[in-house]
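K.L.:
Please work out how this folds:
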Amino acid sequence: MSYRSALSYVLSTTIGPSAEQTSARGRFPRASVVALGEAGLLGLTVSGHLGGGGLGLVEAAEVVTEVSRACPATGAVLRSHYAAVALIEAYGTPWVRRRVAAGHHLSTLALTDIGDGGRPDGSNCPAPPTGSPSTGSSSTGWAPTGSAVTRTGDVVALRAQKRDVVAAGEADSYIWSAPPADGSGSGSGRPSLWLVPADAPGLYVPARPNGTGPHGSGTSTVCADPVLIPASAILGREDGRREDVLSTVIEWLAALPTAGSAPRGSVSAAPAPAQPVGAEALA
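P.N.:
So this is what the prediction gives:
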């Protein structure tokens, strides 16, 4: 079955029928994501030798265009996923790539730091649970607004509050932007990008989505207080030459349409370029 046939089937059986409730109730479109995975569309851009569709940005943009027309929330989720998978495909491990190809791994982007506001300490995140291993018995150790990254041997600690993260609390991993890690050898000031598992200790999401994405897309703040990950989770090189990594995510975000930006027409119609939300964090 071609990817267009698979897409048509998922649109008619799952995404279309559930779109109204997704928007009206603000409920994350989990059934639609599962159906996209089962149809091979979550793994559309993963290499064929790993079980993926082996296709590229043009085909991904077509799929996002059609899904966004039927359900803006699901389209937003898929847009962030494809942009994240572009980096996973280029720099991730074969194990993660196979999980994406099989439709068992949803990824997203956490690129933009949040501004002041919300809690009295200037954050927009909930206080971590009492007794959290990373904070002790209170929230007084919560990191201030802005990103920080510290490397100790083979372990990296990320502290940040990221805004407008699509599928926050629903994705299986996050592409996370941070300053260069201590000792990484980078003097360029360009951000580093990391693959952060959703189940990493110290990662928190508000109980209710507080972002600006389409209703039901799970767009919200994600907070790290801190998240400890292996140094090998960095995407790309650690010598400061990250231009290829940054170019990849910016290219995909710019080309993949946002909800409402695509022109009416057939599935093969070229989508209108979209403002790359979050890409300003990588400049």
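
K.L.:
Let me know whether my guess that Arg163 is in a strand holds.
P.N.:
Yes. When DSSP: H, G, I helix; E, B strand; the rest coil is applied, Arg163 is found to be in a strand.

K.L.:
Name the nearest residue to it, sequence neighbours excluded.
P.N.:
Leaving out its chain neighbours, the residue that sits closest to Arg163 by C-beta to C-beta, 6 or more residues apart in numbering is Ile114, at 4.0 Å. (C-beta placed from N, C-alpha, C; glycine too.)

K.L.:
in terms of contact, does that neighbour touch Lys162 like I think?
P.N.:
Yes. Between Ile114 and Lys162 there is a contact under C-beta atoms under 8 Å: 6.6 Å.

K.L.:
shared neighbours of the two, anything?
P.N.:
Residues touching both Ile114 and Lys162 (C-beta atoms under 8 Å, 6 or more residues apart in numbering): Thr221.

K.L.:
would you say Thr258 is within a strand?
P.N.:
No. Assignment of Thr258 by three-state DSSP gives coil, placing it outside any strand.

K.L.:
Name the residues of stretch 153-172 that are buried.
P.N.:
156-172 (16 or more other C-beta atoms under 10 Å).

K.L.:
what is the rounded mean pLDDT of the longest helix anywhere in the chain?
P.N.:
Secondary structure of the chain per DSSP state H: the longest helix is helix 72-91. Mean per-residue pLDDT for helix 72-91: 96.

K.L.:
where in the stretch 1-150 of the chain is pLDDT low?
P.N.:
Counting by pLDDT under 70, the stretch 1-150 of the chain contains low-confidence ranges at 115-146.

K.L.:
if you set the cut-off to 90 instead, what comes out?
P.N.:
1, 113-150 (pLDDT under 90).

K.L.:
Tell me the secondary structure at the spatially most central residue of the chain.
P.N.:
Nearest to the geometric centre of the chain sits Thr108, at 1.2 Å (C-alpha atoms, centre = their mean). Three-state assignment for Thr108 (three-state DSSP): strand.

K.L.:
if we can go back for a sec, how close does the residue nearest to Arg163 sit to Thr65?
P.N.:
Distance of Ile114 to Thr65, computed by C-beta to C-beta, to the nearest Å: 30 Å.

K.L.:
For the residue nearest to the centre of the chain, give the beta-bridge partners.
P.N.:
For Thr108, the beta-bridge partners under DSSP bridges are Tyr174.

K.L.:
Might one say that it is in contact with Tyr174?
P.N.:
Yes. Using C-beta under 8 Å, Thr108 makes contact with Tyr174 at a distance of 5.9 Å.

K.L.:
overlap in contacts of those two?
P.N.:
Ala84, Val165.

K.L.:
how much space between the residue lying closest to Leu256 once chain neighbours are set aside and Thr150?
P.N.:
Spatial nearest neighbour of Leu256, excluding adjacent residues (C-beta to C-beta, 6+ apart): Arg79 at 4.6 Å. Taking C-beta to C-beta as the measure, Arg79 falls 32 Å from Thr150.

K.L.:
Look at the two and report which has more neighbours.
P.N.:
Comparing Arg79 with Thr150 by other C-beta atoms under 10 Å, the one with more neighbours is Arg79, at 30 against 16.

K.L.:
Can you show me the strands along the stretch 51-200 of the chain?
P.N.:
Taking DSSP state E, counting those that start in this stretch, the strands of the stretch 51-200 of the chain run over residues 107-110, 148-152, 155-165, 173-178, 192-197.

K.L.:
Tell me which of those lies nearest to Cys223.
P.N.:
Counting by C-beta to C-beta, Cys223 lies closest to strand 155-165 out of the strands of the stretch 51-200 of the chain; the figure is 4.9 Å.

K.L.:
In contact with the closest residue to Ser23 other than its chain neighbours, which residues?
P.N.:
Once flanking residues are discounted, Ser23 sits nearest to His215: 5.1 Å by C-beta to C-beta, 6+ apart. Listed by C-beta under 8 Å, 6+ apart, the contact set of His215 reads Thr22, Ser23, Ala24, Gly26, Pro72, Ala73.
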